[in-house]
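A.B. asks: Sharing a model that was predicted from the sequence below.
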Amino acid sequence: MLGGMPTAPPNHYLPAGSFQGKNALVTGGGTGLGLEISRGLAALGAHVTIASRSTEHHEGFLAEAEAQGWDADAVVLDVREDPSVRETIDTFCERRGSIDILINNAAGNFVCPAERLSMNAWRSVLGIVLDGTFSCSKYAGRQMIAGDGGVQLNVVATYAWTGMPGVVHSASAKAGVLAMTKTLAAEWARHGIRVNAIAPGPFQSEGAAGNLWPDEKTEERMREAIPAKRFGTAKEMANHALYLCSDAAAYITGECMVIDGGLSLASGRMWEPGERMKRKRGEQKS
Ligand code: HXC
Ligand code: NAP
């Protein structure tokens, strides 16, 4: 046990073959959380296509898939380019017959004081997170409506509703994605489409560590702020992502599952659990 919370579970808990016959597209599926979700889906029987800008980010997953005998491939895609998103999803469906699972995981982020953030930097993050998620959701949604429905899962962050200094672009975009999740869940339920979100707390990925806690001091400050006193792991985030995509969650839609070791509950403390609080003696009344 660490900090009162158990350490990360070693493996996903869904039965073998849970995603057999399903076709899944995972944006940003070659690194960090996206990679862990891609591994889980493929290991549980799905065909998995990962989609992102850099082929370097695809190589590890493709090599692992070959070694494991998973059914997987990769496509170069910038989710900010709406026509490319459309073509990618339409081609995916022509080849595979359907898109059953869409994971909107791609994101961009960095710390910058709001008053110094250029409009290009703002648009860059909004373009990936908000526009990119909508493009993918829309074209996958069309195909799911024309087919047998499906599942969409959006990766957000708890600062979508708590806010967080330094990331106004990402927080604003994730808040939009959260509203999109609930709206599309209600709009598309009649088509057999479920739309959910997960909101991870901080976990170590190259993108997050490199852009958000690039030095030991910042990393330690982040860890200290988490009630569980540890970062999460991509695997524990992925476990819940897989659950929400599975038939075990067939009646769950429009939900956002927070997996953050308590971080979003912890701001503005007057007392540290375990600390002995001394009472300040009041003036004696005469
Ligand atoms: C200020 C910055 C900046 C920085 C880029 N810009 N980095 N401004 N501080 N650190 C500005 C640039 O100067 C430019 O504006 C504009 O942003 C676009 O920059 P490009 O480099 O051309 O953008 P691009 O190549 O499209 O790259 C996108 C990116 C990059 C978002 C900037 O960081 C990226 O590709 N990230 C992907 C991986 C990632 O971020 N993962 C983290 C996920 S973690 P000007 O005005 O100069 O033209 C996460 C949640 C964590 O999302 C939550 C923890 C609790
Ligand atoms: P990551 O490894 O940096 O993942 C980001 C992925 O997005 C990369 O694979 C990247 O691949 C892809 N991507 C970026 N821009 C893209 C674009 N324009 N088009 C297509 N793909 C693009 O970071 P991560 O930490 O695993 O983040 C995964 C998700 O978790 C994100 O939604 C993030 O906001 C969320 N999250 C992370 C944390 C955390 O602490 N790590 C906390 C809360 C939420 P390419 O570079 O190849 O394009």
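C.D. replies: Now that the structure is in, tell me what you want to look at. Ligands and ions are numbered 1, 2, ... in the order given.
A.B. asks: what about the helices in this protein?
C.D. replies: Using DSSP state H, the helices of the chain run over 32-43, 56-68, 82-96, 119-126, 132-146, 159-162, 168-188, 206-212, 216-225, 234-245.
A.B. asks: And for residue 115, the neighbour number?
C.D. replies: Here the count is done by other C-beta atoms under 10 Å, and residue 115 has 6 residues near it. Glycine gets a C-beta too; all of them are placed from N, C-alpha and C.
A.B. asks: Also the one 4 residues further on?
C.D. replies: If you count neighbours by other C-beta under 10 Å, residue 119 ends up with 8.
A.B. asks: The one 5 residues further on now?
C.D. replies: One way to gauge burial is a neighbour count; for residue 124, by other C-beta under 10 Å, it gives 16.
A.B. asks: Next one: it from residue 118, what distance?
C.D. replies: The gap separating residue 124 from residue 118 is 9 Å, by C-beta to C-beta, to the nearest Å.
A.B. asks: quick one, what contacts the closest residue to residue 255 other than its chain neighbours?
C.D. replies: The shortest distance from residue 255 to any non-neighbouring residue, by C-beta to C-beta, 6 or more residues apart in numbering, is to residue 196 (5.1 Å). Each residue near residue 196 by C-beta atoms under 8 Å, 6 or more residues apart in numbering is listed here: 151-154, 181, 185, 244, 249, 252-257.
A.B. asks: just residue 53 next, same as before
C.D. replies: 76, 77, 78.
A.B. asks: how about a cut-off of 10 Å?
C.D. replies: By C-beta atoms under 10 Å, 6 or more residues apart in numbering, residue 53 lies in contact with 28, 30, 76, 77, 78, 79, 80, 81, 106, 128.
A.B. asks: Just give me the closest of those to ligand 1.
C.D. replies: Proximity of these to ligand 1 (C-beta to the nearest ligand atom) peaks at residue 128, which lies at 6.2 Å.
A.B. asks: Next, the contact list for the nearest residue to that closest one once chain neighbours are set aside, please.
C.D. replies: Leaving out its chain neighbours, the residue that sits closest to residue 128 by C-beta to C-beta, 6+ apart is residue 108, at 4.3 Å. Going by C-beta under 10 Å, 6+ apart, residue 108 touches 28, 79-80, 121, 124-129, 132, 169-170, 173, 207, 211.
A.B. asks: which of those come close to ligand 2?
C.D. replies: For ligand 2, the contacts drawn from the contacts of residue 108 by C-beta under 6 Å from any ligand atom are 28, 79, 80, 128, 132, 207.
A.B. asks: Count the neighbours of the fourth one for me.
C.D. replies: Same thing as residue 128. Residues lying near residue 128 (other C-beta under 10 Å) number 23.
A.B. asks: what separates the residue nearest to residue 128 from ligand 2, distance-wise?
C.D. replies: 5 Å (C-beta to the nearest ligand atom, to the nearest Å).
A.B. asks: Then residue 156?
C.D. replies: Relative to ligand 2, residue 156 is positioned 7 Å away (C-beta to the nearest ligand atom).
A.B. asks: Look up the pLDDT of the closest residue to that residue other than its chain neighbours for me, please.
C.D. replies: Of all residues not flanking residue 156 in the chain, residue 174 sits nearest, at 4.4 Å (C-beta to C-beta, 6+ apart). Looking at residue 174, its pLDDT stands at 98.
A.B. asks: Spit out the contact partners of residue 45.
C.D. replies: Contacts here follow C-beta under 10 Å, 6+ apart; on that basis residue 45 touches 16, 17, 18, 19, 20, 21, 22, 70, 71.
A.B. asks: And for residue 149?
C.D. replies: Going by C-beta under 10 Å, 6+ apart, residue 149 touches 98, 100, 188, 189, 190, 191, 192, 193, 194.
A.B. asks: Kindly list the main-chain dihedrals of it?
C.D. replies: Note on residue 149: its backbone torsions stand at phi 80, psi -160 [degrees, to the nearest 10].
A.B. asks: where's the closest residue to it other than its chain neighbours relative to residue 250, distance?
C.D. replies: Nearest non-adjacent residue to residue 149, counting by C-beta to C-beta, 6+ apart: residue 192, 2.5 Å away. Separation of residue 192 from residue 250 (C-beta to C-beta) stands at 10 Å.
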